[in-house]
Structures are given as C-alpha cells and as structure tokens.
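Chemist: kindly generate the corresponding structure for this input.
(one chain, ligands or ions: 2)
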Amino acid sequence: MSVQIYNTLTRKKEPLETVQPGKVNMYVCGPTVYNYIHIGNARVFVFFDVVRRYLQYKGYDVKYVQNFTDVDDKLIRTANEEGTTVPEVAERYIRAYFEDMDALGVRRADVHPRATEHIPDMIEAIRELIDKGWAYERDGDVYYRALKKDDYGKLSHQAIADLKAGARIEVNERKEHPLDFALWKKAKPGEIKWDSPWGEGRPGWHIECSVMSRKYLGETLDIHAGGKDLCFPHHENEIAQSEALTGKPFARYWMHNEFINMGGEKMSKSLGNIVTVYDLRKRYPARVIRYFLISAHYRNPIQFSEEVIDQLKNGLERIDNAWFNLRHRMTAATEGSADPAVKEQLNTLTAQFEAAMDDDMNTANALSVLFEAVKLVNETVAQPVVTLGTLEALKEWMTTFGGEILGLIELEGEDTLDREIEALIEERQKARKRRDFARADAIRDQLAAMGILLEDTPQGVRWRRK
Ligand SMILES: Nc1ncnc2c1ncn2[C@@H]1O[C@H](COP(=O)(O)OP(=O)(O)OP(=O)(O)O)[C@@H](O)[C@H]1O
Ligand SMILES: [Zn+2]
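Modeler: Residues are numbered from 1 along each chain as shown. Ligands and ions are numbered 1, 2, ... in the order given. As a prediction, the model looks like this:
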C-alpha cells in the first residue's frame with residue numbers, strides 16, 4: 001500500500017508521489033533558538049522524526065533537513081537583556097536543543113543549516129526577486145509584493161479579500177501594501193548586521209527557509225512540514241518567494257501538526273504557559289515524553305497533562321517488561337524454527353501497523369498495534385516450551401516497529417544503564433558462588449537503590465524496574 005498524506009495545500013489525503021521515485025526530500029522548520037524548547041515544539045520534532053523513520057522503513061531514501069533560526073528579533077532582545085551576543089544565545093540553545101532531542105530519541109537531520117551561515121545566498125535571492133519585479137527596496141528594507149502572485153493564499157486558504165480587510169495585519173507606511181512582507185530588515189543601532197546592496201541589516205525569517213531548503217533539497221521539495229501556526233504567514237510566504245524565483249512548485253506535500261495546548265490555549269513562549277522539555281525530563285523518563293507526543297494523531301490537539309503522562313508510564317513499563325522478558329526467555333529457549341502460528345500473527349500485526357501509518361501517519365493506531373504485539377510476546381514467553389526461532393521473530397518485530405520506527409524500545413547498544421545493571425548482577429552471582437554473601441547483599445541493596453528488583457527464576461536471575 002502506498003503512503004497517504006493529508007496535504008494542507010489541497011486539503012485532501014493524497015498518495016505520496018515523490019519528485020524522484022524512491023526518494024523523499026523533506027524540510028521541517030526548526031526552532032528559533034532563544035530559549036529552551038517546550039513540549040509543544042517537541043511535538044513537531046518527535047512526530048516528524050517518526051515520519052522520517054517510517055518512510056525509511058518503507059524503503060525511501062529520505063533526505064531530511066531542519067534549520068535553526070539563529071537570528072531574529074527575539075534573539076536580539078534576549079541577547080540585549082542578558083548583555084550577551086546573538087551568536088552566544090544561539091549557540092547555547094542549539095546545544096540545549098540537541099541535548100533534549102537526543103534524549104527524546106530524535107535522530108539528527110542530514111543537514112541542520114543555520115540562517116546566519118547562509119546570508120550571501122539570501123542576499124542573492126533577494127537581489128533576484130528585486131530584479132524580476134517581485135520585491136522593492138524602501139529606505140534600507142526590502143519587501144516582497146505579496147499580491148503580485150495570483151495564487152498568494154493558496155496554502156492557508158484565506159481569501160485575499162479577508163486578508164486585505166484583516167485588522168491584524170500591521171500597517172507600515174513604508175510598504176506598498178500591508179500584506180507585503182520583509183525580505184531584508186535594516187539594522188537598528190546596536191543590532192547584529194550584515195552588509196548588503198541595501199545597506200546593513202539582516203534577512204527576514206521567511207526567505208531563510210526558501211533559500212536553505214532549495215540549497216540542500218532542490219527547487220521542488222517532496223514534504224515541507226511544521227506546526228500549524230507556521231501555515232500563515234510563514235509557509236505561505238515561503239511559497240510566494242520560492243515559486244517567484246524558480247517558476248516551479250515549491251513543495252508537493254505540506255504537513256502541519258496540531259498544537260499541544262495548556263489551559264485551553266496553544267502552549268507558547270509568548271503566552272508564557274510553557275513546560276520545557278528540559279524540566280519535564282527531570283520528572284519523567286524521556287521515552288515517556290516521546291510516547292506522550294505521538295500518542296494522538298498529529299492532526300489532533302493534545303492537552304498537556306501530567307496525569308496522562310503518568311498513565312503512559314505504565315504503558316511504557318509494559319513494553320519494557322515484555323521486551324526484557326523476551327530477551328531473557330531467549331537464554332532458555334529450545335532450538336528450532338519459528339512457530340508458523342506466531343509468524344502469521346506477526347504478519348497480521350505488520351499489516352495493521354502499516355495500515356495505520358500509511359493512513360496519514362496515524363501513530364495512535366500504530367501504538368495500539370504495538371500493544372497487541374506486547375500481548376503476543378507476553379503470551380508466548382509464558383509457554384513452557386518456546387523455540388528460539390519464535391522468540392527471534394518476535395524480537396525482530398519489536399525491534400523494527402517499537403524500536404526503529406516509533407523509537408520507544410531501547411535497542412541493544414543504546415542503553416548503557418542496562419549493561420551496568422547486568423554487570424552488577426553478574427558480579428553478585430559470582431559473589432554468591434564464592435559464598436561472599438556480604439558482597440552479594442551489598443550489590444542487591446545497590447540495585448534496589450537504583451530501583452531494580454531481582455527475581456530468581458528457573459532460567460536464572462532476572463531483573464525489572466520497580
Ligand atoms: N504548542 C505547540 N504545539 C505544537 N507545535 C508547536 C507549538 N508551539 C510551537 N510549535 C511549533 O514548534 C516549531 C518551532 O517553532 P519556534 O521555535 O519558532 O517556536 P515558536 O512558534 O516561536 O514557539 P512559541 O509559539 O512558543 O513562541 C514550529 O514548527 C511551531 O509551529
Ligand atoms: Zn521555515
């Protein structure tokens with residue numbers, strides 16, 4: 001089955017047909033790095049990480065680009081307030097972003113371009129837009145003529161008439177029309193700035209993504225994504241600029257995720273109702289946060305709730321226990337190939353998982369399928385006789401769907417803590433063998449303090465988290 005994606009541009013689910021067969025070029029708008037990222041921002045990065053992983057599973061060669069907006073009004077304000085510089089602020093929060101995302105299991109993009117490292121390309125694009133009549137300079141600022149392009153508004157589906165009448169549109173004497181937007185902003189005294197044909201200043205936010213996406217992914221992207229607040233004006237303006245420059249469609253599929261809400265409103269830095277990933281990680285295992293962020297379909301809002309996260313902790317423990325029991329059972333399995341009945345059940349689960357994800361990346365349904373697999377694992381390992389082949393088939397399924405795609409299972413080599421625990425258990429076994437019970441008890445206490453319970457089973461000692 002082919003992947004179906006809801007395309008904001010057409011307001012329909014459409015089969016994914018990429019520019020080059022077998023290849024997906026994907027651009028996700030990254031964070032403006034003036035603060036720690038909040039759990040709402042994290043929804044974007046975690047969800048599209050799953051999309052990327054799933055498309056790779058489907059055999060696509062995915063090129064994934066996510067930018068850093070490392071210069072804008074908010075960075076300038078933060079640097080001024082702190083008495084530091086824009087690059088210092090950016091560097092700090094880019095590092096924090098990677099720490100948070102590494103913890104949440106978000107894989108690095110193929111390229112993480114920074115706006116400030118592409119200023120000459122942006123100046124070049126702006127110059128071309130002026131030359132072709134799409135943009136004009138006014139007293140050191142450069143603006144794009146929004147209404148020159150007939151289909152301006154095609155992504156956000158807002159009638160241009162509405163926009164023209166819109167009281168929220170800022171009125172600026174220097175613009176020909178209130179909807180025109182800045183490509184280049186003249187520097188105010190003391191602001192970070194670059195030289196340009198229009199004087200010292202810095203690029204606008206929208207041109208940044210148009211230029212960097214084209215540089216790394218070409219003129220027509222397969223998927224362009226971000227939170228739904230980016231649809232207008234950011235993405236609408238990216239389309240206008242890019243299509244004016246290239247004369248080609250800018251992106252085939254536009255995907256926008258719904259918000260994480262807090263107290264009925266969008267969680268947002270400007271409203272101040274945020275919970276940072278950094279703080280939440282102190283209270284919850286990172287994988288529970290990841291689980292929370294993909295627990296609903298991406299086009300449904302999620303209400304932030306620690307009670308819900310607490311409940312999900314139990315769900316994650318079920319996955320962890322099944323995963324542990326499965327691997328532990330392998331140490332005492334009977335030689336032999338996989339039970340055809342189990343294999344058939346796994347094939348059904350694969351088909352169900354794919355059906356969920358093919359249907360506009362329904363992670364909520366995919367998670368239900370993962371829990372069906374957990375049930376199957378638990379039933380199988382409880383059997384008195386199980387073949388190694390059966391256990392391996394189960395392990396492979398869990399690895400692919402729970403680990404590689406959803407990122408909820410810690411795959412081998414990823415969890416250093418597990419290895420540490422296992423080493424302690426082995427040491428305790430050796431201590432018992434040489435009848436050093438004081439040492440063995442001390443290790444048991446140490447493990448208990450780490451929240452690890454030991455149980456003696458016919459297959460040896462096993463452990464689980466409290
Ligand atoms: N509450 C939210 N739920 C889901 N996605 C969000 C939420 N808030 C922001 N995003 C998304 O996070 C991504 C990062 O954007 P950015 O760093 O510019 O944050 P932002 O929009 O400035 O955040 P804020 O609105 O809190 O100031 C964008 O794709 C944006 O759409
Ligand atoms: Zn962008």
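Chemist: hey, let's count contacts and neighbours off CA atoms from now on
Modeler: OK.
Chemist: smallest gap between the stretch 351-466 of the chain and ligand 1, at which residue?
Modeler: T363 (15.7 Å; Cα to the nearest ligand atom).
Chemist: OK, contacts around that residue?
Modeler: 294-298, 356-357 (Cα atoms under 8 Å, 6 or more residues apart in numbering).
Chemist: same thing but at 6 Å, please
Modeler: The contact partners of T363, by Cα atoms under 6 Å, 6 or more residues apart in numbering, come to 294, 297.
Chemist: and it, backbone torsions?
Modeler: phi -70, psi -30 (degrees, to the nearest 10).
Chemist: same question, the one 5 residues further on
Modeler: Phi and psi for S368, reported as degrees, to the nearest 10, are phi -60, psi -40.
Chemist: burial count for it?
Modeler: Other residues within reach of S368, judged by other Cα atoms under 10 Å, total 15.
Chemist: repeat for the one 4 residues further on
Modeler: Other residues near E372 number 15, with proximity taken as other Cα under 10 Å.
Chemist: distance of it from ligand 2?
Modeler: 38 Å (Cα to the ion, to the nearest Å).
Chemist: can you give me the pLDDT of the residue of the stretch 351-466 of the chain closest to ligand 1?
Modeler: Looking at T363, its pLDDT reads 98.
Chemist: over to Q429?
Modeler: 87.
Chemist: and what of D70?
Modeler: 98.
Chemist: wait, it touches A90, no?
Modeler: Yes. Contact criterion Cα atoms under 6 Å: D70 and A90 qualify, at 5.5 Å.
Chemist: give me the more crowded residue out of these two.
Modeler: Counted by other Cα under 10 Å, D70 and A90 do not tie: D70 has more neighbours, with 26 against 23.
Chemist: which positions in the chain make contact with ligand 2?
Modeler: Proximity of the chain to ligand 2 (Cα under 5 Å from the ion) is limited to residues 29, 209.
Chemist: between D70 and A90, which contacts overlap?
Modeler: V33.
Chemist: which non-adjacent residue is nearest the residue in the stretch 101-250 of the chain positioned nearest to ligand 2?
Modeler: Closest contact between the stretch 101-250 of the chain and ligand 2, by Cα to the ion, is at C209 (4.6 Å). Closest residue to C209 apart from its sequence neighbours, by Cα to Cα, 6 or more residues apart in numbering: E238 at 6.9 Å.
Chemist: so how far is F68 from the residue of the stretch 351-466 of the chain closest to ligand 1?
Modeler: 26 Å (Cα to Cα, to the nearest Å).
Chemist: next: L280.
Modeler: Taken as Cα to Cα, the span from L280 to F68 is 23 Å.
Chemist: same deal with W194?
Modeler: W194 is 18 Å from F68, by Cα to Cα.
Chemist: the more surrounded of these two?
Modeler: F68 (20 against 16).
Chemist: these two touch, right, the more buried one and R114?
Modeler: Yes. Counting by Cα under 6 Å, F68 does reach R114; the two are 4.9 Å apart.
Chemist: share the number of residues neighbouring the closest residue to H234 other than its chain neighbours, please.
Modeler: Ranked by Cα to Cα, 6+ apart and with sequence neighbours excluded, the top spatial neighbour of H234 is H206, at 5.8 Å. By the criterion of other Cα under 10 Å, H206 has 21 neighbours.
Chemist: from Y152, how far off is H206?
Modeler: H206 is 14 Å from Y152, by Cα to Cα.
Chemist: check E379 too.
Modeler: 57 Å.
Chemist: higher neighbour count, the two?
Modeler: Remark: of E379 and Y152, Y152 carries more neighbours, 18 against 11, as counted by other Cα under 10 Å.
Chemist: shouldn't that one be within a helix?
Modeler: No. Under the criterion used here (DSSP: H, G, I helix; E, B strand; the rest coil), Y152 is coil, not part of a helix.
Chemist: state the distance from it to D180.
Modeler: 11 Å.
Chemist: go on, G272?
Modeler: G272 is 29 Å from D180, by Cα to Cα.
Chemist: go on, D139?
Modeler: 15 Å.
Chemist: likewise D61?
Modeler: Taking Cα to Cα, one finds D61 at 38 Å from D180.
Chemist: who has more neighbours out of those two?
Modeler: D180 (23 against 15).
Chemist: counting neighbours, what do you get for G247?
Modeler: 10.
Chemist: for it, give me its contacts.
Modeler: With Cα under 6 Å, 6+ apart, G247 has no contacts at all.
Chemist: so what pLDDT did it get?
Modeler: So, for G247, pLDDT stands at 97.
Chemist: give me phi/psi at it?
Modeler: G247 adopts backbone torsions of phi 70, psi 10, taken as degrees, to the nearest 10.
Chemist: for V89, same thing?
Modeler: Torsion angles, degrees, to the nearest 10, at V89: phi -60, psi -50.
Chemist: for P21, same thing?
Modeler: Dihedral angles for P21 - degrees, to the nearest 10 - are phi -50, psi 140.
Chemist: what do you get for V19?
Modeler: Torsion angles, degrees, to the nearest 10, at V19: phi -60, psi -50.
Chemist: kindly provide the distance from it to I126.
Modeler: Counting by Cα to Cα - V19 and I126 are separated by 26 Å.
Chemist: and what of D360?
Modeler: From D360 to I126 the distance is 36 Å (Cα to Cα).
Chemist: more neighbours: which of the two?
Modeler: I126 (26 against 22).
Chemist: what is the neighbour count of G389?
Modeler: G389 has 18 nearby residues by other Cα under 10 Å.
Chemist: pretty sure A356 sits against A366.
Modeler: Yes. Contact criterion Cα under 6 Å: A356 and A366 qualify, at 5.5 Å.
Chemist: which of these two has more neighbours?
Modeler: Set A356 next to A366 and count neighbours by other Cα under 10 Å: A366 wins out with 26 against 20.
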